[in-house]
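>>> I'll drop the sequence and a predicted model, then ask my questions.
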Amino acid sequence: MFQTVSKAFFQILAGSGVLKSLASRYGMGARGGFARRFIAGETVDDAIPAARAIQAEGLKVTLDFLGESVATAAEADAATRAYLAVIERIAGSAVERNISLKLTQLGLTIDRATAVDNLRRILDAARTHDFFVRIDMENTPYTAVTLDVFETMWQQGYRNAGIVLQSYLPRSEADAARMNALGARVRLVKGAYNEPRDMAYQSKEDVDAAFVRIMRLLLAGGNYPAIATHDPAMIAATRGYATERDVDPSRFEFQMLYGIRRDLQKSLQAQGYGMRVYVPFGREWFPYFMRRLGERPANIGFVIRGVLSER
Ligand SMILES: Cc1cc2nc3c(=O)[nH]c(=O)nc-3n(C[C@H](O)[C@H](O)[C@H](O)COP(=O)(O)OP(=O)(O)OC[C@H]3O[C@@H](n4cnc5c(N)ncnc54)[C@H](O)[C@@H]3O)c2cc1C
């Protein structure tokens, strides 16, 4: 209940232009910028050393050049060209070739065809440079169309892509079974958006129970699933099920977000589990950052300390 209210509150704040401009003034300051804990920087040249440092600890990475909900075809084209430049830049670095993106960054808010065209440009470049592309899952107006776009690309032979399923959506169990049948790679998450009662489970108990059911489906019959959570109970359930069903740790991986539970990231890696860190960067960090605050309002403490230290 508290988490639902908190997510809704921070979602409203995420729409505030005043807050956004204040945040961009203080958030990414070189010294003590409060958003730096969760965002690797505003440019790919900031993200590359951050990713290298993570890799040096034996962890894997996926880089996300942040952006979402672009409003015009010209903006979607600019975002796509920027992402293509990021691919070239990563390909020329010693960073793992694995990226995450959102379809509304590529024009899904405008129409499906724009997003599909732009996604194809990115998947082609990714194929040339041997990248894996994870299509993040956004809020419910985009669930069905995101899955549909993914499956269309899959049927067209693009196998260098994977999808995300959210356990707060009752539909995700059936989606997981369909992705398993395709052989597509799934990242399982709880879900980060504030969703209406008729679309999503609202209680932590229901979201967690569904997470465990889908995790089992994916571990038993999926293609290298990613179990993306910081929740020790979900991690314990995954480890327990893998042991019980004799699923080798090389057949799945855990994923966590940059700056969250770094202790747990390292300890799971040290125990022989694959651990991938999601490294977000870019100037459009504000909505991503606000979702992280909504998940854990205690994070507001970092913000206040960061702003005070800048003055
Ligand atoms: C790699 C990765 C990719 C993701 N991709 C998507 C996506 O495509 N679509 C989508 O809707 N969601 C995505 N998410 C977010 C996800 O849906 C959850 O909102 C987020 O992971 C918090 O849920 P949790 O599983 O960690 O469990 P929770 O029950 O929310 O948290 C468990 C514990 O984790 C820690 N924790 C969780 N969040 C935070 C935080 N913000 N700050 C500090 N500590 C925290 C706390 O210790 C908390 O007690 C992604 C998450 C990860 C890890």
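Cool, the structure landed.

>>> so which bits of the helix or strand where residue 76 lies are buried?
Element membership of residue 76, judged by DSSP states H and E, is helix 73-91. Of all the residues in helix 73-91, those buried under the rule 16 or more other CB atoms under 10 Å are 75, 76, 77, 79, 80, 83, 84, 86, 87, 89, 90. Where you see a C-beta, it was placed from the backbone N, CA and C, and this is true even at glycine.

>>> and that helix, average pLDDT?
Across helix 73-91, pLDDT averages out at 96.

>>> excluding sequence neighbours, find me the nearest residue to residue 97.
Distance criterion CB to CB, 6 or more residues apart in numbering; nearest residue to residue 97, sequence neighbours excluded, is residue 131 at 4.2 Å.

>>> is it true that the one you found touches residue 100?
No. Applying CB atoms under 8 Å as the test, residue 131 and residue 100 come out as separate, 10.9 Å apart.

>>> once you drop chain neighbours, what's closest to residue 76?
residue 107 (3.1 Å).

>>> may I have the secondary structure class of that neighbour?
coil (DSSP: H, G, I helix; E, B strand; the rest coil).

>>> where does it land on pLDDT?
For residue 107, pLDDT reads 97.

>>> burial count for it?
Close neighbours of residue 107, defined as other CB atoms under 10 Å, add up to 26.

>>> what's near enough to touch it?
Applying CB atoms under 8 Å, 6 or more residues apart in numbering, we find residue 107 in contact with 70, 73, 75, 76, 77, 79, 80, 114, 115, 117, 118.

>>> what's the answer for residue 128, then?
Residue 128 makes no contacts at all, as judged by CB under 8 Å, 6+ apart.

>>> one more pass at 10 Å, please.
87, 88, 91 (CB atoms under 10 Å, 6 or more residues apart in numbering).

>>> and for residue 14?
20, 286, 287, 288, 289, 290, 291, 293, 294.

>>> contact residues of the chain facing the ligand?
Counting by CB under 6 Å from any ligand atom, the chain comes close to the ligand at 136-137, 164, 166, 189-193, 228-231, 255-257, 260-261, 278, 292, 295-296, 299.

>>> mind listing which of these are in helices?
If you go by DSSP state H, those have 292, 295 in helices.

>>> follow-up on the earlier one: so which of the contacts of residue 128 comes closest to residue 173?
residue 87 (33.4 Å; CB to CB).

>>> quick one: that closest one and residue 15, what's the gap?
30 Å (CB to CB, to the nearest Å).

>>> what about the residue of the stretch 1-150 of the chain found nearest the ligand, how many residues nearby?
Minimum separation of the stretch 1-150 of the chain from the ligand (CB to the nearest ligand atom) falls at residue 136, amounting to 3.4 Å. When neighbours are counted by other CB under 10 Å, residue 136 registers 20.

>>> excluding sequence neighbours, find me the nearest residue to it.
Nearest residue to residue 136, sequence neighbours excluded (CB to CB, 6+ apart): residue 102, at 4.8 Å.

>>> picking up where we left off before, show the pLDDT at the residue of the stretch 1-150 of the chain closest to the ligand.
So, for residue 136, pLDDT stands at 98.

>>> OK, contacts around it?
62, 64, 68, 100-105, 146, 163-164, 187, 189, 192, 278.

>>> swap in residue 198?
Residue 198 neighbours (CB under 10 Å, 6+ apart): 140, 170.

>>> for it, phi and psi?
Dihedral pair for residue 198: phi -80, psi 0, per degrees, to the nearest 10.

>>> how about the helices in the stretch 201-311 of the chain?
For the stretch 201-311 of the chain, applying DSSP state H, counting those that start in this stretch gives helices covering 204-221, 232-244, 262-270, 286-295, 300-310.
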